[in-house]
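K.L.:
Build the 3D model from these lines:
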Amino acid sequence: ANHIRMSTRCGRRIVEMVHEKLGPEKIITEKSVANASAVAMATGCSTNAVVHLIAMARRAGVPLTLEDLDGISRTTPVIANIRPSGKQYLMEDFYYAGGLRALMAEMKELLHLDAMTVSGFPLGATLEGAEVHNSDVIRPLSNPIYHEGSLAVLKGNLAPDGCVVKPSACEERLRVHEGPALVFDSYPEMKAAIDDEDLDVTPDHVLILRNAGPKGGPGMPEWGMLPIPKKILKQGYRDMLRISDARMSGTSYGACILHVAPESHVGGPLSLVRTGDIIRVDVANRTIDMLVDEEILAMRRSAWTRPADKYERGYGWMFSKHIKQANEGCDFDFLETAFGTAVGEPDIF
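P.N.:
Numbering: from 1, shown residues only. Sure, this is the predicted structure:
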């Protein structure tokens, strides 16, 4: 019932904002984007927050990057003790503990309190009177769930433009890991292999799914939480390192590295990985690499051929020509504020 009331209030407020001439250009600023990013990190946010925040910011002319988000994550602890980062509480518990206003009040020293909000008042004014009712659900900054923010951006020869992992939701042993790749070129191929109890796989293997990015999916489906092979589950393991150019649901958990950019469909390094290649990941140092000689990679790169276009006309054609990579928000290039300017003018056709 409360959702209906909130929806009604939102609709009324939007009409009031039009009358007040309080448009997005006055609200979506560098300060408010930084606030949104910090609050997202403090809640143990979905990895999807990365593409949403970058896309919204760039439509408003704020040049948000993966590096900006990683920097904010490094200085913002997770203080919302809710799943999957937390181990006990749910969003309903978060609501009764004081909700988002209480969390923002708890971390206000990390926020720009003078940033304008949709209420017509700066953020600081909207937090007056906010109170935490359960300090185990909404922790103080001095007692976080995880010392850094929810997300980490990794880079290396496997993802030169970056990829995203949620270290607070994966087993600690996998935050630094080295193991052989087990590569799948499609979701059906992966699903069939995972169910095979004779699959040649160990807990140290790194499962890789490719061709699931913005263009390759198409649409970057939520396939990134690759299931653990049945053979490994029977051995008592519940997490493995998994890498893809796909997304995953915000309620998912585990050592899943997502949004690898550039994606494999456009010739990103993920397209060059072979089963058996050694993959090394170090979350603390923000690195992800395949330990393969550059000469071998060059040979593979020269032999690689771009997949045929799936669409010759219509929305699918427009999508494939104009959708951007994950590190750029997976948005249409023509919806960014800078589209059509002399600097960096895109090739429309």
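K.L.:
For Thr43, what are phi and psi?
P.N.:
Backbone torsions for Thr43, taken as degrees, to the nearest 10, come to phi -90, psi -10.
K.L.:
check contacts around it.
P.N.:
By C-beta atoms under 8 Å, 6 or more residues apart in numbering, the residues touching Thr43 are 78, 80, 82, 103, 150. (Glycine included, C-beta is placed from N, CA and C.)
K.L.:
Max pairwise distance over these: which two?
P.N.:
Leu103 and Ser150 (12.8 Å; C-beta to C-beta).
K.L.:
Which one of the two is surrounded by more residues?
P.N.:
Set Leu103 next to Ser150 and count neighbours by other C-beta atoms under 10 Å: Ser150 wins out with 28 against 23.
K.L.:
Can you classify the more buried one by secondary structure?
P.N.:
Classification of Ser150 by DSSP: H, G, I helix; E, B strand; the rest coil places it in coil.
K.L.:
Looks like it contacts Val39 (just checking).
P.N.:
No: with contact defined as C-beta atoms under 8 Å, Ser150 does not count as touching Val39 (10.6 Å).
K.L.:
the strands in the stretch 101-250 of the chain, which residues?
P.N.:
Along the stretch 101-250 of the chain, counting by DSSP state E, counting those that start in this stretch, strands occupy 152-156, 159-165, 176-184, 206-209, 241-244.
K.L.:
Just say which of those is most tucked in.
P.N.:
Counting by mean count of other C-beta atoms under 10 Å, strand 241-244 has the highest mean neighbour count of the strands of the stretch 101-250 of the chain, with a mean of 29.
K.L.:
Summarise which helices and strands it is packed against.
P.N.:
For strand 241-244, the helices and strands in contact under the criterion 3 or more C-beta pairs under 8 Å, 6 or more residues apart in numbering; DSSP states H and E are strand 206-209, strand 256-258, strand 278-282.
K.L.:
how about 7 Å then?
P.N.:
Contact analysis of strand 241-244 by 3 or more C-beta pairs under 7 Å, 6 or more residues apart in numbering; DSSP states H and E lists strand 206-209, strand 256-258 as its packing neighbours.
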